[in-house]
Each structure stands twice: as structure tokens, then as C-alpha cells.
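> The sequence and its predicted three-dimensional model are supplied below.
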Amino acid sequence: IVFPSHMGGVSISSAFEDRVHFIPLGIDPDMFFPSNIERKPKHLIHVGSFIPVKNQVLLLDILPYLDDDVTLDLIGEGYLEDELKQYANLLDIGDRVNFIGKVSHSELREHYSRAQLHILTSHHEAFGMAVLEAAACGTSTVGTNVGLISDETDMTHPANDVEQLAEQIELLLNSKNKLS
């Protein structure tokens, strides 16, 4: 039995312990790698479809807790896009949020490389490829305790804890140590 992350195999691993193998997915190292592009200070990125499981509402809820000069690029598309734009305006953060739309994989490297942090706010992830892509580009991820991020970092928080996520993001954005 093969799972892409430890989280996926936990529930059955005790029953089939000797037959469970964790084989993580991978990324193309010729496409995702560190760049010489200058990072924008206090600039966040989120990559994913605009659907409920990706939980961009949580991400928008976090932004008002952060310094007013923190900006966010949302890359993706989906049926919730118009609602998310309206919600950003309702929270009075519409001027800090850029809805980029869908971009090709070859363009993602540039976007990851410009951001100071990648944010993952999903309710569920089997793996979370965006975490690997961001890491390969030298961009750290903060997010909810799902998929690969829960296996590989302690910078995760419960899926609905706005204040705790905001605190972690603010701490890293203002850290004297460069993240990337």
C-alpha cells in the first residue's frame, strides 16, 4: 500500500504495518529552483484552485491581523473567485490582495521566488505540491496541519486558527533572519 504522505497512511498503517510504504511525489528540478529575482518584503503567495477545500477564506481572514504593508498574491482559478474578491473588499483588504489567475508551471517559479512566504490554508491535502514547489524555489511555507506540510515542518496550525496562523506569519515576516 503506497501513500504520498505519512498522514494518509496513519489510519491503516497499524493494520498493515509491514505493507505500508510512503513514497512522496516530486517536482521537476529543472522547473522549480532558487532564482536571483529579488523578493518583495512582506509579500505572501498562495497557489491553488479557488474551491472550498483550499480554504482561501481563512487566508483572507488572516490578512487584517498582519501589518498593513503585507500583500498577497492568489494564484489560481475556480468558481469561488468572485466570492473571494467580494470577501476581500468586505474585509477592507482588497487593495492588498492580487488575484493573479491561472499561470503556467513555467511562470510559477518567478511568483514563488518573489514571495517572502508561501501560505497553505487547506482543510485537507493529500500531499500539497505547492509546498514542494515553493521550497524548491527557496520560499518557506506556513500553513494548516495537512498533507506534506504536517510531515515536514512545525510551522503548521489547526485549520481554523486565524490568530495562531497570523502570529506565525507575522513572526516570520519580521524575523531578522532571512527566510530564503
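Perfect, I can see it now. Model, not experiment: these values are computed from the prediction.

> Residue nearest the middle of this structure, spatially speaking?
With distances taken as Cα atoms, centre = their mean, the chain has L120 as the residue nearest its mean C-alpha position (2.6 Å).

> quick one: A135 and M129 touch, right?
No - because the distance of 10.6 Å does not satisfy Cβ atoms under 8 Å, A135 is recorded as not touching M129. (Each C-beta comes from the backbone N, C-alpha and C, glycine too.)

> Now do stretch 173-180, average pLDDT.
Looking at stretch 173-180 alone, the average pLDDT works out to 65.

> Stretch 126-140 too?
Rounded mean pLDDT across stretch 126-140 is 86.

> Now find how far off-centre the helix or strand where E133 lies is within its chain.
E133 belongs to helix 129-136 when assigned by DSSP states H and E. Relative to the mean C-alpha coordinate of its chain, helix 129-136 is positioned 9 Å out (Cα atoms, centre = their mean, to the nearest Å).

> now stretch 123-140
With Cα atoms, centre = their mean as the basis, stretch 123-140 stands 6 Å off its chain's centre.

> How about stretch 96-106?
Relative to the mean C-alpha coordinate of its chain, stretch 96-106 is positioned 13 Å out (Cα atoms, centre = their mean).

> So, low pLDDT: which residues of this protein?
1-25, 127, 147-159, 176-180 (pLDDT under 70).

> Strands of that one, start to end?
Ranges of strands in the chain, per DSSP state E, are 2-3, 21-22, 43-47, 71-75, 97-101, 117-120, 140-144, 156-157.

> could you redo those strands as a markdown table and give each row distance to E83?
Listed next are those as a markdown table, based on distance: least, Cβ to Cβ, whole Å:
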| stretch | distance to E83 |
| --- | --- |
| strand 2-3 | 33 |
| strand 21-22 | 36 |
| strand 43-47 | 16 |
| strand 71-75 | 12 |
| strand 97-101 | 12 |
| strand 117-120 | 19 |
| strand 140-144 | 20 |
| strand 156-157 | 24 |
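
> tell me the contacts of H111?
I45, V47, D73, I75, I100, V103 (Cβ atoms under 8 Å, 6 or more residues apart in numbering).
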